[in-house]
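1. predicted model and sequence follow; I will ask about them next.
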Amino acid sequence: MKKLLIPAIFAFLAGCFHNPSAANTPGEYYDMFALVWEDYEANYPEFTLKDIDWKELFSHYSPLAEQAESTEELVMDVLLPMLTELKDVHIWFYRPDGTIMSTYLIDIEPNYDQTVLMENYLWPNDFNGYVDNVGYCNPDSLPYLLINSWTITLNLERIRTFLELAADKPAVIIDIRMNSGGNNSLCGEVSGMFTSIACPAYYCRFRNGPGYDNVYYYPVTTYPDNEICYNGTVYLLIGEQSASSSEDFTLHMDNIENVVMIGDTTMGIGCCPNPLGLADGWKVNTIIWSSWTTDYTPVEWNGIPPDIYVEATEEDFAQGIDPVLEYAIYLINSQPE
């Protein structure tokens, strides 16, 4: 789950906005519907981008909410179809048993094959295995670092250790092609290991008024790490499975001069979800902010393109080849000593 401290100016009261509960006689479960609708009405940053008339959806779904006879019925027959219309991968429900029910999914084609990667590239180059979502090869064999999640258990010291071992290498590879997100505060910490100066990274787009175009762009900056700075070339491997916090990391790295991104465009789902409790153990994600690039392009529905596109197909994997990693290795071998 992505986390960011939110300035107090972004804490809105739903009562400042159109109040649907004043126009209807609530049924037993109607108040939960109103709670969700009003939260999105006040805070969702991308109604304009998606050309969504949220008030029209209220008019359509509120009569159905009045008829709901259980929390599950409200979720399945009202909230789920209403939120599906936003086409936002970060909006999902938590069932009472803790499992997740998505409102929207994107078909992707990963540009890596785990078996090919491990058996043909990593193990032969002294890969030390995953520990707390980080693994790396012996830099003398292959200066390669893999980060497979941005969860809070991410071992920053292992990343620093790798960079210390690779300090004399002219280039390293960082692979986040299989990393679908986590805690975005860690993205800034890791990216800071590759710059000696503060760099603009991206904007968090918040709502700051009742209109759907009332938005504020909060600047996020990459700050240098206090312990280490690798100043060689960094080849960052990305792809369609690089999502959410990995896209924030990609934005951090994209604005660092010595970073080259290789692979395919990221998934395109940059935003920050926050669970909202309903009743009977149900929860639903609301959206706090969305990620926009420093040139004011939304990450959602666009993704972040690589500097160098490299195609990877099932035919390549069937032959035991990882074309994206192969190209990065070729570039490393082309580096002057």
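-> It's in.

2. how about the helices in the stretch 1-150 of the chain?
-> 30-43, 47-50, 54-67, 71-74, 80-84, 114-117 (DSSP state H, counting those that start in this stretch).

3. just name the most buried of the ones you listed.
-> Of all these, helix 30-43 carries the top mean neighbour count, a mean of 21, counting by mean count of other Cβ atoms under 10 Å. (C-beta placed from N, C-alpha, C; glycine too.)

4. okay, and the beta partners of Thr233?
-> Ala171 (DSSP bridges).

5. and it, what is it in contact with?
-> 170-172, 258-260, 331, 335 (Cβ atoms under 8 Å, 6 or more residues apart in numbering).

6. around the closest residue to Ser70 other than its chain neighbours, how many other residues sit close by?
-> Nearest non-adjacent residue to Ser70, counting by Cβ to Cβ, 6 or more residues apart in numbering: Tyr29, 7.1 Å away. Neighbours of Tyr29 under the rule other Cβ atoms under 10 Å: 22.

7. could you check the pLDDT of Tyr29?
-> We have a pLDDT of 92 for Tyr29.

8. any idea how far it is from Trp282?
-> Distance, Tyr29 to Trp282, using Cβ to Cβ, to the nearest Å: 11 Å.

9. give the residues shared as contacts by those two.
-> Counting by Cβ under 8 Å, 6+ apart, the residues touching both Tyr29 and Trp282 are Thr71.

10. give me the phi and psi for the nearest residue in space to Asn133 that is not next to it in sequence.
-> In space, and not counting its chain neighbours, Asn133 is closest to Ser149: 4.4 Å by Cβ to Cβ, 6+ apart. The phi and psi values for Ser149, taken as degrees, to the nearest 10, are phi -170, psi 150.

11. touching, Ser149 and Asp132? I think so.
-> No - in this structure Ser149 lies outside contact range of Asp132 using Cβ atoms under 8 Å: 9.2 Å.

12. who has more neighbours out of those two?
-> Taking neighbours as other Cβ under 10 Å, Ser149 and Asp132 compare with Ser149 leading, 21 against 15.

13. so where's this structure uncertain?
-> Along the chain, the parts satisfying pLDDT under 70 run over 1-26, 336-337.

14. centre-most residue in it?
-> Geometric centre of the chain, nearest residue: Ser244, 0.6 Å, by Cα atoms, centre = their mean.

15. residue contacts, that one?
-> 2, 90, 180-182, 184, 267, 269-271.

16. next: Leu142.
-> 121-122, 125, 173, 329.

17. for Val78, same thing?
-> 33, 61, 64-65, 68.

18. how near is it to Glu46?
-> From Val78 to Glu46 the distance is 21 Å (Cβ to Cβ).

19. and if you look at Ser291?
-> 11 Å.

20. now Tyr112
-> 30 Å.

21. with Ile288 instead?
-> 12 Å.

22. between the two, what contacts are shared?
-> Cys271.

23. can you tell me which of the contacts of Ser244 is nearest Met193?
-> Asn184 (16.0 Å; Cβ to Cβ).

24. might one say that the closest one is in contact with Glu247?
-> No - Asn184 lies out of contact with Glu247 (Cβ under 8 Å); the separation is 9.1 Å.
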